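Chemist: Pasting the sequence and the predicted model now:
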Amino acid sequence: MTERCGPTRGLARGRGATHDPYARFEPTRSEPFDDGWEGDGEAPPPLRTEVTVEHPRRVLSWNQSPDVPFELSLNPYRGCEHGCAYCFARPAHAYVGLSPGLDFESRLFAKVGAAECLRRELARPSHRVTPLALGINTDAYQPVERDWRITRQLLEVLAETGHPVSIVTKSALVERDLDLLGPMAERGLVQVAVSVTTLDRNLSRRLEPRAAAPQRRFQTIQRLSAAGVPVSLLVAPLIPVLTDGEVESLLEAGAAAGAVAAGYVLLRLPREVAPLFEDWLRHHHPLKADHVLQRLREAHGGKLYDATFGHRMRGAGAYAELLRQRFRLARRRAGLGGRLLELDCSQFVPPARPRQRREEGQLDLF
C-alpha cells in the first residue's frame, strides 16, 4: 500500500519519525492536497500499531561483514515499535512497499512459526554451529513481543538444542526470559548486550519513544548480571553533540550496574535514515542540528554516511579518533573489557529431523 507514503509532516505522539517518506521501490506516489478542512482544530487520530502475520520459509541469515562479531542472525519481526529516530534498519521497510518513516514503527510483521522454521534449519546436516545473534536488525524484545512471544519460542528451541546465542536489546522485557537465560548462561550459551544512548530521560523520550527509559535499562543490566548472564553495555548510537559528552558517565553507570564489557557505534545514517534524522533534529534540536551534521561529515569524509567496511561503525578522521580514545580510556577507568567471553559451540545437539512422507523425500532409517 502506498497511500500513506509521502512527505506528510507532523509529530505523531509516541513516535520517533516526523513523517513518512516515499517507499523508494513503489511505482506510484501520492501528493498532499488541501481541500479546505485543514486547520479546523481537530486533532489527528492516534497512530496505532498494526501487526501483519508473516509465515517465513527460512529464518536464519548469514553475513560476511567484518564489522560485526557474528556470522549468523535471526530477526523475529520486521519493523520496530520502539521508533528510534536513528534506526539504521528503517530502509528495509521499503522492500515490503512501506515507508521507512512512521510505517516502520507502526506497521510491523510478526514471523509466526519462526521457532518451527529454526528447528528445521538446525536439524539440517549442513548447519554450522556458530553463535546466533538474535534481534539485530530490529529489537527482538520490542513491545509487541509481550503478546506474540516469538522470541520466547526461539529461545526455547536454542536452549533445548544447546545452541549459543547473543542478544542485543534496549528493552526491559528481556527479564521475562531469565528462567531460560540463567540456565543457558551457566552453560556458556548466552550473552546479552543492553543498548543505552543517553542518560537524559527527556532526550530519550523524543529519540526512542517506546523503548525502556535509560535508568530502567541499567536496572535490566543489574538483574541480568545478578542472574549470572554476562552483560555488555552498548553505547549505540553515539550521536555527535547530542550524546558524545556522556561517554564517561554512561560507562560508569554500566559498570556500577554489573556490565563486564562495553562497546560503541557511531551514529549511522544509511539511505532514508539521513533525511529522516535530519528532519527529527530540526524539529527537536534546531539550534544543534547543523553542528551534529557537521561532526558526522567530519567523521565520514565530508558525507553524512560512508558504508565502507571498517569505516561505517566508527568513522575516521580527527573527531572519530578523539571519540575512540575517549571511549577506550573511559572503559579502562570503569574496569570494563572490550568483549565478552566466547560462547560455547560444543554443546549443540541437532533437533530430531521431522519425518517426511515417502513422496517428499527419503525416510529416516530408524
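Modeler: It's in. Just so we're clear, the structure is a prediction, and the values are computed from it rather than from any experiment.

Chemist: Tally up the residues packed near the nearest residue to residue 75 once chain neighbours are set aside, please.
Modeler: Distance criterion CB to CB, 6 or more residues apart in numbering; nearest residue to residue 75, sequence neighbours excluded, is residue 137 at 4.7 Å. The C-beta positions use only the backbone N, C-alpha and C, and glycine is treated the same way. Look at residue 137: counted by other CB atoms under 10 Å, it has 18 neighbours.

Chemist: Also residue 314?
Modeler: Residue 314, neighbours per other CB under 10 Å, totals 17.

Chemist: per-residue confidence at it?
Modeler: Here, the pLDDT recorded for residue 314 equals 89.

Chemist: what sits against it?
Modeler: Counting by CB atoms under 8 Å, 6 or more residues apart in numbering, residue 314 touches 265, 266, 320, 323, 324.

Chemist: what about the last one, which helix or strand?
Modeler: Under DSSP states H and E, the secondary-structure element containing residue 324 is helix 318-334.

Chemist: Tell me which other helices or strands that helix touches.
Modeler: In terms of contacts (3 or more CB pairs under 8 Å, 6 or more residues apart in numbering; DSSP states H and E), helix 318-334 is packed against strand 231-238, helix 247-257, strand 261-266, helix 289-299.

Chemist: change it to 7 Å
Modeler: helix 247-257, strand 261-266, helix 289-299 (3 or more CB pairs under 7 Å, 6 or more residues apart in numbering; DSSP states H and E).

Chemist: Let me have these in CSV, adding mean pLDDT as columns.
Modeler: Output for the helices and strands packed on helix 318-334, formatted as CSV (pLDDT from 0 to 100):
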stretch, mean pLDDT
helix 247-257, 98
strand 261-266, 96
helix 289-299, 96
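
Chemist: And the ones you listed: which comes nearest residue 64?
Modeler: Comparison of those against residue 64 by CB to CB identifies strand 261-266 as nearest, at 18.8 Å.

Chemist: ok, residues contacting that closest one?
Modeler: Strand 261-266 is contacted by residues 232-238, 251, 254, 299, 313-315, 320, 323, 327, 331, 336-340 when judged by CB atoms under 7 Å, 6 or more residues apart in numbering.

Chemist: all helices of the stretch 151-300 of the chain, in order?
Modeler: 178-186, 201-207, 214-226, 247-257, 273-284, 289-299 (DSSP state H, counting those that start in this stretch).

Chemist: could I have the first one exported to CSV, CA atoms only?
Modeler: Coordinates of each C-alpha in helix 178-186 appear next as CSV, following Å, rounded to 0.1, in the frame of the first residue of the first chain:
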residue,chain,number,x,y,z
LEU,A,178,15.5,-15.1,32.8
ASP,A,179,14.2,-18.6,33.5
LEU,A,180,15.8,-19.6,30.2
LEU,A,181,18.7,-17.2,30.1
GLY,A,182,20.0,-18.0,33.5
PRO,A,183,20.5,-21.8,32.9
MET,A,184,21.8,-21.1,29.4
ALA,A,185,24.4,-18.7,30.9
GLU,A,186,25.6,-21.4,33.3
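
Chemist: Name the residues that touch it?
Modeler: 155, 156, 159, 190, 227, 228, 229, 230.

Chemist: For residue 62, grab the count of nearby residues.
Modeler: 10.

Chemist: That one pairs with what?
Modeler: According to DSSP bridges, the partner residues bridging residue 62 are residue 72.

Chemist: So how do I select the buried members of the contacts of strand 261-266 in PyMOL?
Modeler: Selection of buried members from the contacts of strand 261-266 for PyMOL, criterion 16 or more other CB atoms under 10 Å:
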select buried, resi 232+233+234+235+236+237+238+251+254+299+313+314+315+320+323+327+331+336+340
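
Chemist: okay, the helices of the stretch 151-300 of the chain in a markdown table with distance to residue 107 next?
Modeler: Output for the helices of the stretch 151-300 of the chain, formatted as a markdown table (distance: least, CB to CB, whole Å):
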| stretch | distance to residue 107 |
| --- | --- |
| helix 178-186 | 30 |
| helix 201-207 | 21 |
| helix 214-226 | 26 |
| helix 247-257 | 32 |
| helix 273-284 | 16 |
| helix 289-299 | 28 |
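
Chemist: Strands of the stretch 101-250 of the chain, residue ranges please.
Modeler: 107-111, 132-134, 165-169, 190-195, 231-238 (DSSP state E, counting those that start in this stretch).

Chemist: So in that sheet, which strands flank the longest one, and in what orientation?
Modeler: Its sheet considered, strand 231-238 pairs with strand 190-195 (parallel), strand 261-266 (parallel) by DSSP bridges.

Chemist: Tell me what angle it forms with helix 247-257.
Modeler: With axes from the mean of the first three to the mean of the last three CA atoms, to 10 degrees defining the directions, strand 231-238 sits at 160 degrees from helix 247-257.

Chemist: ditto for the third one
Modeler: Counting by the same axes, to 10 degrees, strand 165-169 points 130 degrees away from the direction of helix 247-257.

Chemist: tell me which residues in stretch 215-223 are buried?
Modeler: For stretch 215-223, by 16+ other CB under 10 Å, it's 217, 218, 220, 221, 223.

Chemist: before we move on, back to that, output the strands of the stretch 101-250 of the chain in TSV, with mean pLDDT appended to each entry.
Modeler: Formatted as TSV, those follow (pLDDT from 0 to 100):
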stretch	mean pLDDT
strand 107-111	97
strand 132-134	96
strand 165-169	97
strand 190-195	98
strand 231-238	97
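
Chemist: Any chance of the ones you listed in a markdown table with distance to residue 82 as columns?
Modeler: Formatted as a markdown table, these follow (distance: least, CB to CB, whole Å):
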| stretch | distance to residue 82 |
| --- | --- |
| strand 107-111 | 11 |
| strand 132-134 | 16 |
| strand 165-169 | 10 |
| strand 190-195 | 10 |
| strand 231-238 | 13 |
